[in-house]
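J.: please work out how this folds:
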Amino acid sequence: MKNKEKTTLRKIEYKRIESIYLLIRGVEVGVAAGLICVLYRFLLSLAESGLDRVLEYIKGSPLKITLWLAALAALGVFVSYINKWEPDAAGSGIPQTTGDVRGYFSLNWWRVTLAKLIGGTVTVFAGLSLGREGPSVQLGGMAGKGAARLTKSDRTSEIRMTSCGAGAGMSAAFNAPIAGMMFIFEEIHHGLDKSILGMGIVATVVADFISKIFFGQDPIFYYEAEAFPLRFYPVLIIVGVLLGLCGVFYNVVMVKAQKLYKKINKIPEPVKMAGVFVISGIVGLLLPQVLCGGHRMTSLLMNDNPQLKVLVLLLVAKFIFGAFSFSSGAPGGTLYPLCILGAYLGAICGDVSIDVLGLDAELRQEFVILGMAGLFASIVRAPLTGIILVFELTGNMETLLPLATVSLTSYAVANLIGTAPFYAILFERAVEKADVPTNVKDVEKVLQTFVIPVGSKIDGMRIKDIEWGKHCLIVSIDRDEIPITPKGDTELKEGDVIVMSISQRHYTQDLNRVYSIINEK
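T.: Model (predicted):
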């Protein structure tokens, strides 16, 4: 009995030491991710303001317009060669970062960072409808991975630091540390890891702090909240259903647009990208509001209260141009543009509701915010992240019930229809052509944490009766915060936190198998 108590005390003491270690590493990740994402935001702000000056300068001059379009074609060729030099920097980068964490890819952190910074800046200067948030997730992840590599950390620490760096990148991009933390668990890990939780909270808060030092503490969207009348809550259900359907439509169209672009394989990639950039230039001349991530549309919506027909026109134009920009694979994200689409859908629903049902006109901005959260939940299929993200974007904590009603309804509708989440689709397509890294030593091990969910088939089963695989070893179990020494006869229970050692050579395959085992009902 005394030996058992000593073993338990040693485990508790080890956990205390590990907690301090994780906090220190979280600070490292937060600083690295925060600084690189601040640099990226600064470069994009210069690119966007430069684009505005160019459009103003060439206005009304056929010669200047022709020269600008020629320059855009050259920039398109340049970006295509950046993508060729570092393919993992193309697109938003979220699927690639997820694949790196799960062992499908082994991203070169400094090449991806350099390519993303340059390619993303040029893409925004050209006006493509792409945002900074997805790239910031990848840049933050690469900053975390770089910090791990430079300090010669083991693979377990590297995975954790990459994951937390991704959340810190989202935190710095949106000034939303809690949403960044939730994004790690809902989108990258699809589960709770207490080790990542501790490190991640520190990393996202530090990155947010660094971002606010440079860009201020004001929320991105500020509005005066109005209490939504309880008798009109059925309207929110209808809005949630509509946003769920729109989210499914968005996912289908975006994926088909990407496939269609890749089918045009008789035209060399540099020529195709040049064409994309030229078309972006033409769009900028005709409808500059839809360029880049959507800050112009945000300002117009929140300050000028455009008419319904203008809202519909800009919504359709932004969606089509966004799908076109995304399909090219140019470095840039879709998170902020999809939030803008949600905001405009919400504004349209608000205008219709106000006109038809006689709601207070002050509720229009409430519908804008609800639209953002609802569309995010249906597209990304991460409702908690969406709700928290909107809280932090607006700086307003008084709309929880309406947000939850719309977000969960849209989430349920999208799930009922059965289409996969947007980033899950992109991830699956990315790993189809991935060569799983095998150039690692058999002796290298990765510690991975799993939580046995409610209803799991292995609840009540003994460890020795489960086919974990010969490269997997359970090294620790926490039950109700009490460490248990795992043995063959140990029965597993719902809520147990399992720490497993997995061979790095077989990491991807074994990780997927263990996830399948613990989640089987």
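
J.: pLDDT score assigned to Ile210?
T.: Ile210 is assigned a pLDDT of 95 by the prediction.

J.: residues in contact with it?
T.: With contacts defined as Cβ atoms under 8 Å, 6 or more residues apart in numbering, Ile210 is in contact with Gly30, Val31, Gly34, Leu35, Val38, Ala172. No exception for glycine: its C-beta is placed from N, CA and C like everyone else's.

J.: for Arg160, same thing?
T.: Leu22, Arg25, Asp193, Ser195, Ile196, Met199.

J.: the second one against Met199, yeah?
T.: So that's Arg25. Yes. Counting by Cβ atoms under 8 Å, Arg25 does reach Met199; the two are 5.6 Å apart.

J.: quick revisit: what's the most distant pair in the contacts of Arg160?
T.: Arg25 and Asp193 (13.9 Å; Cβ to Cβ).

J.: mind listing the strands for the stretch 351-500 of the chain?
T.: With strands called from DSSP state E, counting those that start in this stretch, the stretch 351-500 of the chain shows them at 445-451, 472-479, 482-484, 497-503.

J.: between those strands, which one is closest to Val290.
T.: Ranking these by proximity to Val290 (Cβ to Cβ) places strand 445-451 first, at 42.9 Å.

J.: any idea how far stretch 176-188 is from the middle of the chain?
T.: Taking Cα atoms, centre = their mean, to the nearest Å, one finds the center of stretch 176-188 at 8 Å from the center of the full chain.

J.: ugh, wrong one, I meant stretch 127-138
T.: Distance, stretch centre to chain centre, for stretch 127-138: 10 Å (Cα atoms, centre = their mean).

J.: same thing with stretch 384-398?
T.: 15 Å.

J.: kindly report the same for stretch 331-346.
T.: Worked out by Cα atoms, centre = their mean, stretch 331-346 lies 12 Å from the chain centre.

J.: with stretch 423-435 instead?
T.: With Cα atoms, centre = their mean, you get 15 Å for stretch 423-435.

J.: put the alpha carbons of it into CSV.
T.: Extracted in CSV, the C-alpha atoms of stretch 423-435 (Å, rounded to 0.1, in the frame of the first residue of the first chain):
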residue,chain,number,x,y,z
TYR,A,423,-11.7,21.9,-43.8
ALA,A,424,-12.3,18.2,-43.4
ILE,A,425,-12.9,18.0,-47.2
LEU,A,426,-9.8,19.9,-47.9
PHE,A,427,-7.8,17.8,-45.4
GLU,A,428,-9.0,14.5,-47.0
ARG,A,429,-8.1,15.8,-50.4
ALA,A,430,-4.7,16.9,-49.3
VAL,A,431,-3.8,13.6,-47.6
GLU,A,432,-4.9,11.5,-50.6
LYS,A,433,-1.7,12.5,-52.4
ALA,A,434,0.5,12.7,-49.3
ASP,A,435,3.5,10.5,-48.8
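
J.: one step back: among the contacts of Ile210, which ones are in helices?
T.: Gly30, Val31, Gly34, Leu35, Val38, Ala172 (DSSP state H).

J.: of these, which is the most crowded?
T.: If you count neighbours using other Cβ atoms under 10 Å, the busiest of these is Ala172, which has 37 neighbours.

J.: ok, that one touching Val31?
T.: No. With contact defined as Cβ under 8 Å, Ala172 does not count as touching Val31 (10.8 Å).

J.: what sits in contact with each of these two?
T.: In contact with both Ala172 and Val31: Ala207, Ile210, using Cβ under 8 Å, 6+ apart.

J.: so Arg25 and Met199 - more neighbours on which side?
T.: Neighbours were counted for Arg25 and for Met199 using other Cβ under 10 Å; Met199 has more, 32 against 24.

J.: would you mark the buried spots in the helix or strand hosting the more buried one?
T.: Here Met199 sits within helix 194-215, counting by DSSP states H and E. Buried positions in helix 194-215, judged by neighbour count with 16 or more other Cβ atoms under 10 Å: 194-211.

J.: got the angle between it and strand 445-451?
T.: 90 degrees (axes from the mean of the first three to the mean of the last three Cα atoms, to 10 degrees).

J.: quick check: next helix or strand after helix 194-215?
T.: helix 233-263.

J.: how far does that following helix sit from its chain's centre?
T.: Helix 233-263 has its average C-alpha position 17 Å from the chain's average C-alpha position, going by Cα atoms, centre = their mean.

J.: quick one, helices of the stretch 51-200 of the chain?
T.: Secondary structure of the stretch 51-200 of the chain (DSSP state H, counting those that start in this stretch): helices located at 62-85, 94-101, 109-126, 133-150, 155-174, 177-183, 194-215.

J.: for those, give me JSON lines that also has distance to His471.
T.: JSON lines is the format used below for the helices of the stretch 51-200 of the chain (distance: least, Cβ to Cβ, whole Å):
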{"stretch": "helix 62-85", "distance to His471": "35"}
{"stretch": "helix 94-101", "distance to His471": "19"}
{"stretch": "helix 109-126", "distance to His471": "26"}
{"stretch": "helix 133-150", "distance to His471": "23"}
{"stretch": "helix 155-174", "distance to His471": "14"}
{"stretch": "helix 177-183", "distance to His471": "30"}
{"stretch": "helix 194-215", "distance to His471": "21"}
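
J.: shared neighbours of Arg25 and Met199, which are they?
T.: Common neighbours of Arg25 and Met199 (Cβ under 8 Å, 6+ apart) are Arg160, Met161.

J.: output the contacting helices and strands for the lowest-mean-pLDDT helix or strand in the chain.
T.: Between all helices and strands in the chain, the lowest mean by mean pLDDT, DSSP states H and E belongs to strand 482-484, at a mean of 75. Under the contact criterion of 3 or more Cβ pairs under 8 Å, 6 or more residues apart in numbering; DSSP states H and E, strand 482-484 touches helix 2-58, strand 472-479.

J.: what mean pLDDT does the longest one have?
T.: Per-residue pLDDT values over helix 2-58 give a mean of 80.

J.: which phi and psi values does Gly329 adopt?
T.: Main-chain torsions, Gly329, degrees, to the nearest 10: phi 80, psi 10.

J.: could you shift the numbering so residue one becomes 766, and keep it that way?
T.: Okay, residue one is now 766; in that scheme the one you just asked about reads as Gly1094.

J.: can you get me a residue count around it?
T.: With other Cβ under 10 Å as criterion, Gly1094 counts 22.

J.: thinking again about what came up before, got TSV for the helices and strands packed on strand 1247-1249, with distance to Tyr1280 too?
T.: Converted to TSV, these look like this (distance: least, Cβ to Cβ, whole Å):
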stretch	distance to Tyr1280
helix 767-823	23
strand 1237-1244	12
